[in-house]
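Trainee: sequence first, then the predicted structure, then my questions.
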Amino acid sequence: MNIGEAVKERILELCCERNITINKLATLSGVTQSTLNNIISGRNRSTTISTIKKLCDGLDISMVEFFSSDIFDHVEQEIQ
């Protein structure tokens, strides 16, 4: 799994835990719906830290909490 896939999975996991839609997350975080849709669809595979910070703010979690998931234990090395 690459980092883009892991970020996507984590966003979906957090939305599921909170019983909110991607569209609701966009509203809560101030991240545009199109940006979130691109992340979830895989068209955006390099989400910026700034975007992740906005998502964390919308979810009322820290970035440490965002990345504290087993999902990130299996991310492939980027440099080959």
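Mentor: All right, it came through fine.
Trainee: what packs against the biggest helix by length in the chain?
Mentor: Using DSSP state H to define each element, the chain has its longest helix at helix 3-18. Counting contacts by 3 or more C-beta pairs under 8 Å, 6 or more residues apart in numbering; DSSP states H and E, helix 3-18 packs against helix 22-29, helix 33-41, helix 49-59, helix 63-67. To be clear about C-beta, it is placed using only N, CA and C from the backbone, and glycine gets the same treatment.
Trainee: same for the third one, what does it pack against?
Mentor: For helix 49-59, the elements it packs on are helix 3-18, helix 22-29, helix 63-67, judged by 3+ C-beta pairs under 8 Å, 6+ apart.
Trainee: cool, and the last one?
Mentor: Packing partners of helix 63-67 (3+ C-beta pairs under 8 Å, 6+ apart): helix 3-18, helix 49-59.
Trainee: how far off centre is the longest helix of the chain?
Mentor: Its chain's C-alpha centre and that of helix 3-18 lie 5 Å apart, by C-alpha atoms, centre = their mean, to the nearest Å.
Trainee: buried residues, that helix. List them.
Mentor: Applying a neighbour-count criterion of 16 or more other C-beta atoms under 10 Å, one finds 4, 6-8, 10-11, 14-15 buried in helix 3-18.
Trainee: okay, now the unreliable bits of this structure?
Mentor: 80 (pLDDT under 70).
Trainee: can you tell me how far Glu78 is from Asn23?
Mentor: Computed with C-beta to C-beta, to the nearest Å, the distance linking Glu78 and Asn23 is 30 Å.
Trainee: which of the two has more neighbours?
Mentor: Set Glu78 next to Asn23 and count neighbours by other C-beta atoms under 10 Å: Asn23 wins out with 12 against 7.
Trainee: can you tell me, leaving aside adjacent residues, what's nearest to the more buried one?
Mentor: Of all residues not flanking Asn23 in the chain, Gln33 sits nearest, at 5.9 Å (C-beta to C-beta, 6 or more residues apart in numbering).
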